[in-house]
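Q: Need coordinates for the below:
(chains A and B)
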2 protein chains.
Amino acid sequence: MTYTSFHPTPRTLMGPGPSDVHPRVLAAMAQPTIGHLDPEFIGVMDDIKSLLRYAFQTKNALTVPLSAPGSAGMEAAFCNLLEPGDKVIVCINGVFGMRQAENVRRMGGELVTVEDDWGTQVDPEKLRAALKANPDTKVVSFVHAETSTGVCSDVATLCGIAQEAGALTIVDSVTALGGIELAVDDWGADVVYSGTQKCLSCPPGISLITFSEAAAEQVKSRNTAVQSWFLDLSLLMAYWEGDGARSYHHTAPVNAMYGLHEALLMLHEEGLENAWQRHRSQHASLVNGLEGIGLEFVVDAAYRLPQLNVVQSPDGVSEADIRKQLLAEFNLEIGAGLGVFAGKVWRIGLMGYAARSENVQLCVSGLRHCLA
Amino acid sequence: MTYTSFHPTPRTLMGPGPSDVHPRVLAAMAQPTIGHLDPEFIGVMDDIKSLLRYAFQTKNALTVPLSAPGSAGMEAAFCNLLEPGDKVIVCINGVFGMRQAENVRRMGGELVTVEDDWGTQVDPEKLRAALKANPDTKVVSFVHAETSTGVCSDVATLCGIAQEAGALTIVDSVTALGGIELAVDDWGADVVYSGTQKCLSCPPGISLITFSEAAAEQVKSRNTAVQSWFLDLSLLMAYWEGDGARSYHHTAPVNAMYGLHEALLMLHEEGLENAWQRHRSQHASLVNGLEGIGLEFVVDAAYRLPQLNVVQSPDGVSEADIRKQLLAEFNLEIGAGLGVFAGKVWRIGLMGYAARSENVQLCVSGLRHCLA
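A: Residues are numbered from 1 along each chain as shown, chains lettered A, B, ... in the order given. Okay, here's the model as predicted:
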């Protein structure tokens, strides 16, 4: 068998992630690898922690990247905060709420689910009722920006309800961070995780996580060891914290951290509010264009994510064939539906560097061409 | 606070990993990100699986990279193969055997340890005795190339003993793969894991794993779900296997996979035997140079790893100060000792692209300068 070097055909990435990566981030990743305990790398780590606090809008000391994709960030949230037997209410309105529930099952938690229809928000009143019926609930979890449906739930309200009932919160903000408002401290969220491959214009591979003081206290006072050695934050912090020497835990993905550093730096340069505004305005332009060619958005505008647009594929059209045609003719990737939406919708991402006028134009004119 | 783009000082990496990354691998990683379900990326995945079988010298169908560093590969081996209550014999002769034991503890396995002194091999007779005393042992695990001590254990013999007793084997070959012989099928090893950041000349961040048919059968016939959703191979294989469409599990680290693809391709171009020979000859040259300036190797030449050299730091010298001086004056990184070797030795890596004559010269002359 013969093998050759791989050279990808450049694509425009407007699916549910990964999204377009900024050239500055790609260039940063190609710099020479240095040691994961090199003093220069410790400086990069310190910058990343500080820039993550800016991105998450938090003062949480325990705010770090994890050396694995967003799903591992989700798992780290659950396996560090929970012990077997703990009761958890998971609010489900799409794939990622289902995945949260699966995490609770696997770690031996006592699972209570609160379900809402795909394409709608998590209903605060249902959560309130579930907490009343389950006063021994330790943790409430839900998804801020449901990537499978394009819905934004009301984090501040849901966290407030959990807090009143004395429960901690775990919030999935994978698709939110950098694209829409996320105010961890002001909203009283306890554990929030995200990823690099959505609105940060960075390749997939790293998750980002922050723990409130109350959540960090919970981790410190565990009676049982975290099942995962790799994701155990009490061990990880020996590497990520401290003023002087850091202890070896695992070997950090040095070049991926270069990329994350540059991506967070670019978000800081642009400013959070400007980034959110850019996502909103590109979304408005996309809505205008797609409605202009007769396409319909699935999610109510009141709680629609600007960065992840779920659009019905027209009757009599194979949504998969259109996606293939867009990729073949225009090197444009848009996403398929998941779960109950499979085969019925497209998911069109406007995340990070992908949220640009030229992308909106390409997507609208490409779809117009393919549907003509 | 102000932040600026990070530009690392180029280093020569001769520690225990990460090792020097080849410029071709860095360039591959900087190529545009494409989707993790893009047909072109599926081609990359197929190449990687096939090239990994070459590197591991196996026909195992279940041979894949995992989207997290070597420690996660270790965890994947244990959490997929074992169920709570299973008896495991872990042979310990350094840090990574200790970490294997910790994995067994955390997943609720019944742990039996067989211990040998740091700097010596795993003793086959001790394993044989432990298996006789524990005939219900399901899995035997040990480290092929102990990165903390520079010792190579006899994988074929240890696997043979386990097999006779009806136990499956888990072998840590993180530092071995690409640097010394590793013949998974011929040696009858069941689960073998490795990493990218040692002898593959690739940045850290990805682990590599292979399961024999017997081990894969064990995974399929589990009574309990794997505790980790992220590392559950039965779910992962829906993404990595199949002739046609792949199912989404998590978002693969696309650019890191570009790098792995190029690194494996380079190993294939050089040829395994040539790569091993290069490591051996550079090691011989390093031994010659370091013994010439009066330094002593800790490990017996009969079972010493060519790619990871543990050298005593001379009496009356601060080993940490010398490492700092090498980094400051020559941008040369060598490693510190771990565990019982902390403060007493240097660990000098000659791994992958770092196993070059110019590196050996720099290391010997740099140490001569600093010790003068």
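Q: now for the least confident helix or strand in chain A by mean pLDDT, which elements pack on it?
A: Ranking every helix and strand in chain A by mean pLDDT, DSSP states H and E puts helix A:233-240 at the bottom, with a mean of 88. The elements that helix A:233-240 packs onto, with contact taken as 3 or more C-beta pairs under 8 Å, 6 or more residues apart in numbering or on different chains; DSSP states H and E, are strand A:62-66, helix A:213-220. (Glycine included, C-beta is placed from N, CA and C.)
Q: Run the chain-centre distance for it.
A: 22 Å (C-alpha atoms, centre = their mean, to the nearest Å).
Q: Now do the helices for the stretch 251-372 of chain A: every range, in order, please.
A: For the stretch 251-372 of chain A, helices defined by DSSP state H, counting those that start in this stretch occupy the ranges A:254-270, A:272-292, A:319-330, A:357-371.
Q: Make a markdown table from these and add mean pLDDT, mean neighbour count and distance to chain B to it.
A: Converted to a markdown table, these look like this (pLDDT from 0 to 100; neighbours: other C-beta atoms under 10 Å in any protein chain shown; distance: least, C-beta to the nearest C-beta, whole Å):
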| stretch | mean pLDDT | mean neighbour count | distance to chain B |
| --- | --- | --- | --- |
| helix A:254-270 | 98 | 24 | 4 |
| helix A:272-292 | 98 | 17 | 14 |
| helix A:319-330 | 98 | 16 | 7 |
| helix A:357-371 | 98 | 17 | 14 |
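Q: closest one to B:L265 among those helices?
A: helix A:254-270 (18.1 Å; C-beta to C-beta).
Q: how far off strand A:62-66 does that closest one point, in degrees?
A: 130 degrees (axes from the mean of the first three to the mean of the last three C-alpha atoms, to 10 degrees).
Q: now the angle from helix A:254-270 to helix A:272-292?
A: Using the same axes, to 10 degrees: helix A:254-270 against helix A:272-292 is 90 degrees.
Q: Mind giving me the packing neighbours of helix A:254-270?
A: Packed next to helix A:254-270, using 3+ C-beta pairs under 8 Å, 6+ apart, are helix A:23-29, helix A:39-56, helix B:254-270.
Q: of all those helices, which lies closest to A:N359?
A: From the helices and strands packed on helix A:254-270, taking C-beta to C-beta, the stretch that ends up closest is helix A:23-29, at 14.8 Å.
Q: what about that closest one and chain B, touching?
A: Yes: judged by C-beta under 8 Å from any C-beta of the partner chain, helix A:23-29 comes into contact with chain B through A:24, A:26-29.
Q: count of neighbours near A:S50?
A: When neighbours are defined as other C-beta atoms under 10 Å in any protein chain shown, A:S50 has 14 of them.
Q: Quick check: it touching B:T2?
A: No: using C-beta atoms under 8 Å as the test, A:S50 is too far from B:T2 to be in contact (10.9 Å).
Q: low-scoring stretches of chain A, by residue?
A: A:242-245 (pLDDT under 70).
Q: contacting residues around the residue nearest the centre of it?
A: By C-alpha atoms, centre = their mean, chain A has its centre lying nearest to A:V174, at 0.8 Å. Applying C-beta atoms under 8 Å, 6 or more residues apart in numbering or on different chains, we find A:V174 in contact with A:70, A:73-74, A:96, A:145, A:147, A:193-195, A:198.
Q: By neighbours, which of the residues you listed wins?
A: Counting by other C-beta under 10 Å, top hit in these: A:G195 with 32 neighbours.
Q: count of neighbours near A:A238?
A: 13.
Q: An error on my part: the question was meant for A:P39.
A: Using other C-beta under 10 Å: A:P39 sits among 13 other residues.
Q: That one: what's it in contact with?
A: B:L327.
Q: Recalculate using a threshold of 10 Å.
A: A:245, B:9, B:324, B:327-328 (C-beta atoms under 10 Å, 6 or more residues apart in numbering or on different chains).
Q: same thing with A:V151?
A: By C-beta under 10 Å, 6+ apart, the neighbours of A:V151 are A:93-94, A:116-122, A:143-145, A:298-300, A:303-305, A:308, A:310.
Q: Now do it against A:V143, distance only.
A: A:V151 is 8 Å from A:V143, where distance means C-beta to C-beta, to the nearest Å.
Q: Tell me the residues that contact both of these two, please.
A: A:93-94, A:122.
Q: Return the member of these nearest to B:E262.
A: Nearest to B:E262 among the shared contacts of A:V151 and A:V143, with distances taken as C-beta to C-beta, is A:G94, at 36.6 Å.
Q: In contact with the closest one, which residues?
A: Counted by C-beta under 10 Å, 6+ apart, A:G94 has contacts A:116-120, A:122, A:143, A:145-151, A:153, A:172, A:338-341.
Q: swap in A:M45?
A: A:36, A:64-65, A:239-241, A:246, A:252, A:257, A:261.
Q: for A:T9, same thing?
A: Applying C-beta under 10 Å, 6+ apart, the residues near A:T9 are A:327, A:331, B:32, B:34, B:38-40.
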